[in-house]
Structures are given as C-alpha cells and as structure tokens.
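> missing the sequence, but the structure's below:
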C-alpha cells in the first residue's frame, strides 16, 4: 500500500488559491455556460478504519 503525504499551506496561500479557483471557474462558465440549472449536494467525510488490499 502506498502512502500519500499531506501538504500544509499557509492562510495567505489558501486565500490566493480560492481566489484563483473562483476566477478560473467564472471564466470557464463564460465560455461554456450550463445548459440547465442544477441543484448540487456536496459533502466530505473521513473513514476511521484501515483498509487492507
């Protein structure tokens, strides 16, 4: 099993990342608008157990 590390970034970098992502999304949607309005459900979760392959 391969482990993947986590990267920690500072608050300023995270703020810049969110701003850039928002701008990129807006530009994309200008070029490729949604054909219909959709409702989206988004969630995250973490598993507590260990998986064996």
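Nice, I can see it. Note that this is a predicted model, so its numbers are computed, not measured.

> tally of neighbours for residue 15?
10 (other C-beta atoms under 10 Å). Placement of C-beta: from N, CA and C, glycine included.

> before we move on, what about the one 3 residues further on?
The tally of other residues near residue 18 (other C-beta under 10 Å) stands at 10.

> swap in residue 24?
Residue 24 has 10 nearby residues by other C-beta under 10 Å.

> which positions in the helix or strand encompassing it come out as buried?
Assigned by DSSP states H and E, residue 24 belongs to helix 11-31. Buried residues in helix 11-31, counted by 16 or more other C-beta atoms under 10 Å: none are found.

> quick one: residues in contact with that helix.
residue 9 (C-beta atoms under 8 Å, 6 or more residues apart in numbering).

> what pLDDT, on average, does that helix get?
In this model, helix 11-31 has a mean pLDDT of 92.

> distance from stretch 22-37 to the middle of the chain?
16 Å (C-alpha atoms, centre = their mean, to the nearest Å).

> repeat that for stretch 12-25.
Worked out by C-alpha atoms, centre = their mean, stretch 12-25 lies 11 Å from the chain centre.

> what of stretch 7-18?
For stretch 7-18, the separation from the chain centroid amounts to 13 Å (computed by C-alpha atoms, centre = their mean).

> next: stretch 36-51.
The answer for stretch 36-51 is 11 Å, by C-alpha atoms, centre = their mean.
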